[in-house]
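# Below are the sequence and a predicted model; questions follow.
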Amino acid sequence: MTMKREFTFSSIALIGAMLFSCQVTTSDLSQIKPDILIPQSWQTRLESTTTAHDWVAKFNDPQLTKIVNEALRNNNSLKASAERVKQLEAAEHLIKASQRPGINAGAGLSTSGDLGDYSLSDDVNYSLSLSSRWEIDLWGRLRNQREQTQAETAAGKANYYATRLSLAANTCRAYFNLVSAQNSLALAEETLVHFQRSFKITERNYKAGIPGTDALDVQFGRNNIASAQRNLSAAKLNVTRTSQAVQILLGRYPAGTLRAAQELPSPIASLPRTLPQGVIEQRPDLIQARAELYASAKEIQIREKAFLPSLSLSPGISNAGTTNSLSNLLDLDNLSWSIASSLSQVLFDNGERDYRVQQTQSQYRAAIHNYSQDMLVALQEVEFALISDKSLTEQTALLQQEVRVSGLAETQAQRNYTEGLENADILSVLESQRRAVNARSGLIRIRNARLQNQVDLFVAMGGNPK
């Protein structure tokens, strides 16, 4: 038994001539690079040899580590980012699958009859066919498409890690804000108690007719108590608000009932010594930008190769005949095979493809400039965070001294007023209390600010949170 053979040479004769008449015009994309001088070290000198990775544990706060881990497990935005990576991976596999040969099968039967007596013919026509189509990658355009989707997947993964880093940082910031809010609430409660105690002394002195105490002093005392009560109410609301912010990041219902540790963790004494070039290499947002640049470069190559002809092969096997039995359907004597080629080339499109190439090239150059700017911003963020840590350290030491001195002044003013010493008045007491409260409140803020700045530093360096 022999199969019937049919070979179609349509368009094949034209291929050779068209191959010699076409030239690939891919741009030399390697010539477009960011023109930025990267320093070998930072302006702020660092003696440390530690890295920027696993930085959450460096704060040495078990509750903070636990909360960050919970956020990384349960945060809905991070889960959505992970799903986007899966979508990009599926798209990458899809483009690969679409470029491989596929096989289509078809089968059918037909019969006929007399319209007058509604009778059917004994002749039944059966058909069976298998066909395929495959585009040959003459110029590497299909390979460029695969490389483009791979780069897009890499960019999506980098975006996931950037989202993960941002989530860990935001969770740390929210946690520090919650601890600070709790400390501010405790200070507000303590301030109210102090004001109430001072008012009792003032009221007692006024009723006793002690010289230097009058009705105005009593009114000042009542005003201070009302102000302290208002600040206490605002502090309670702030605790609830910051607690809800943490719970949202954890994927919990924002009941506002979560509480953090009583004190802020100590700042990290040994800052990471990641060099500028290391920051550029490990920051996930810059990794994403480089992957997107690579994908954009591949898009230019794909559009340039659209000027070239495409070649497809279409092999197939078919059977057609008339029989009243299916047993002969796969008989080799009834089978025939064929193979056809198809060569297509756009001859005139009013310059549409050329304009598309120009558009894509311009977009690529714009992306290069944006990437260069992003690099500068990233380096500036690190430089500023390093300078800020030094400044905030100095400010913390000065505020600690201010808290100590203002506390002594408050105690002395209160003692003088209680004992009825000459020139001791309620205004001196109130001023000393105001300064002491402001100093302690400022110390809470500056400690929080330094921790927040250290988180900013680790994010700017692109450190892995865990």
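Yes, it's here.
# Hmm, I446 and L399 touching each other?
Yes. Applying Cβ atoms under 8 Å, one finds L399 in contact with I446, separated by 5.4 Å. No exception for glycine: its C-beta is placed from N, CA and C like everyone else's.
# in which helix or strand would I find E263?
Under the criterion DSSP states H and E, no helix or strand holds E263.
# Just give the nearest non-adjacent residue to it, would you?
Once flanking residues are discounted, E263 sits nearest to V179: 7.0 Å by Cβ to Cβ, 6 or more residues apart in numbering.
# since we're on that neighbour, how many residues are nearby?
Residues near V179, counting by other Cβ atoms under 10 Å, number 24.
# Give me the mean pLDDT for the host helix or strand of it.
According to DSSP H and E, V179 maps onto helix 141-208. The average pLDDT for helix 141-208 rounds to 93.
# re earlier: the residue nearest to E263: what's it in contact with?
By Cβ atoms under 8 Å, 6 or more residues apart in numbering, the contact list for V179 reads 260-264, 448.
# And those residues, which two are furthest apart?
Among the contacts of V179, the pair separated by the greatest distance (Cβ to Cβ) is Q262 and N448, at 14.1 Å.
# between those two, who's got more neighbours?
Neighbours around Q262 and N448, counted as other Cβ under 10 Å, are more numerous at N448. The numbers are 19 against 9.
# Tell me how far the nearest residue in space to the more buried one that is not next to it in sequence lies from A174.
Using Cβ to Cβ, 6+ apart and skipping the chain neighbours, the partner closest in space to N448 is S180 (4.2 Å). Noted for S180: a distance of 11 Å to A174, by Cβ to Cβ, to the nearest Å.
# Just give me how far stretch 222-239 sits from the chain centre.
What separates the centre of stretch 222-239 from the centre of its chain is 39 Å, taken as Cα atoms, centre = their mean, to the nearest Å.
# ok, and what's touching it?
Residues from elsewhere that reach stretch 222-239 (Cβ under 8 Å, 6+ apart): 178, 181-182, 184-185, 187-189, 191-192, 195-196, 198-199, 256, 430, 433.
# one more time with 10 Å, if that's ok
177-178, 180-196, 198-199, 202-203, 256, 258-260, 426, 429-430, 433-434, 437, 441 (Cβ atoms under 10 Å, 6 or more residues apart in numbering).
# Which ChimeraX command selects the buried ones in those?
Buried members of the contacts of stretch 222-239, defined by 16 or more other Cβ atoms under 10 Å, are picked up in ChimeraX with:
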select :177,178,180,181,182,183,184,185,187,188,191,192,194,195,198,199,202,256,258,260,426,429,430,433,437,441
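# Which SSE is immediately downstream of the helix or strand of the chain with the lowest mean pLDDT?
Across the helices and strands of the chain, the lowest-confidence element by mean pLDDT, DSSP states H and E is helix 12-21, at a mean of 37. For helix 12-21, the following helix or strand on the C-terminal side (DSSP H and E) is helix 62-74.
# which other helices and strands contact that following helix?
Under the contact criterion of 3 or more Cβ pairs under 10 Å, 6 or more residues apart in numbering; DSSP states H and E, helix 62-74 touches helix 76-98, helix 141-208, helix 215-249.
# Just put those helices in a markdown table and tack on distance to T51.
Below are these laid out as a markdown table (distance: least, Cβ to Cβ, whole Å):
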| stretch | distance to T51 |
| --- | --- |
| helix 76-98 | 23 |
| helix 141-208 | 15 |
| helix 215-249 | 25 |
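# hmm, back to that, shared neighbours, S180 and A174?
With Cβ under 10 Å, 6+ apart, S180 and A174 have common neighbours 242, 260.
# low pLDDT regions in the stretch 251-400 of the chain?
320-334 (pLDDT under 70).
# now the strands for it?
In the stretch 251-400 of the chain, the segments counted as strands under DSSP state E, counting those that start in this stretch are 310-322, 335-344.
# and of these, who's closest to A105?
strand 310-322 (9.8 Å).
# neighbouring strands for the closest one, and are they parallel or not?
Sheet partners assigned to strand 310-322 using DSSP bridges are listed as strand 119-136 (antiparallel), strand 335-344 (antiparallel).
# tilt between that strand and helix 141-208?
110 degrees (axes from the mean of the first three to the mean of the last three Cα atoms, to 10 degrees).
# that older thread, pipe the contacts of V179 into CSV and attach distance to D389 per row.
Formatted as CSV, those follow (distance: Cβ to Cβ, whole Å):
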residue, distance to D389
A260, 22
A261, 22
Q262, 24
E263, 20
L264, 15
N448, 14
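# And those, which is closest to K157?
Distances from K157 to the contacts of V179, taken by Cβ to Cβ, are shortest for A260, at 32.4 Å.
# pretty sure that closest one is touching C172, no?
No. A260 is beyond contact range of C172, at 11.2 Å (criterion: Cβ atoms under 10 Å).
# what is in contact with those two at once?
61, 64, 67.
# Out of those, the closest to I210 would be?
Nearest to I210, judged by Cβ to Cβ, of these is D61 at 50.3 Å.
# what sits against the closest one?
With contacts defined as Cβ under 10 Å, 6+ apart, D61 is in contact with 67-68, 172, 175-176, 179, 260-261, 263-266, 451.
# So which of those is the closest to Q414?
E263 (26.6 Å).
# these two touch, right, the closest one and N448?
No. Counting by Cβ under 10 Å, E263 stays clear of N448, with 11.4 Å between them.
# Need the residues touching each of these two.
Among the neighbours of E263, those also in contact with N448 (Cβ under 10 Å, 6+ apart) are 179, 183.
# residue nearest the centroid of this protein?
Centroid-nearest residue in the chain, with Cα atoms, centre = their mean: T163, separated by 2.6 Å.
# any idea how far T65 is from that residue?
20 Å.
# ditto for S391
Distance from S391 to T65, by Cβ to Cβ: 28 Å.
# need the contact list for the nearest residue to A71 once chain neighbours are set aside.
Nearest non-adjacent residue to A71, counting by Cβ to Cβ, 6+ apart: T171, 4.4 Å away. By Cβ under 10 Å, 6+ apart, T171 lies in contact with 56, 64, 67-72, 75, 245-246, 249-250, 455, 465.
# Among these, name the buried ones.
With burial judged by 16+ other Cβ under 10 Å, the buried subset of these is 56, 64, 67-72, 75, 245-246, 249-250, 455, 465.
# tell me the mean pLDDT for stretch 107-119?
In the prediction, stretch 107-119 has an average pLDDT of 64.
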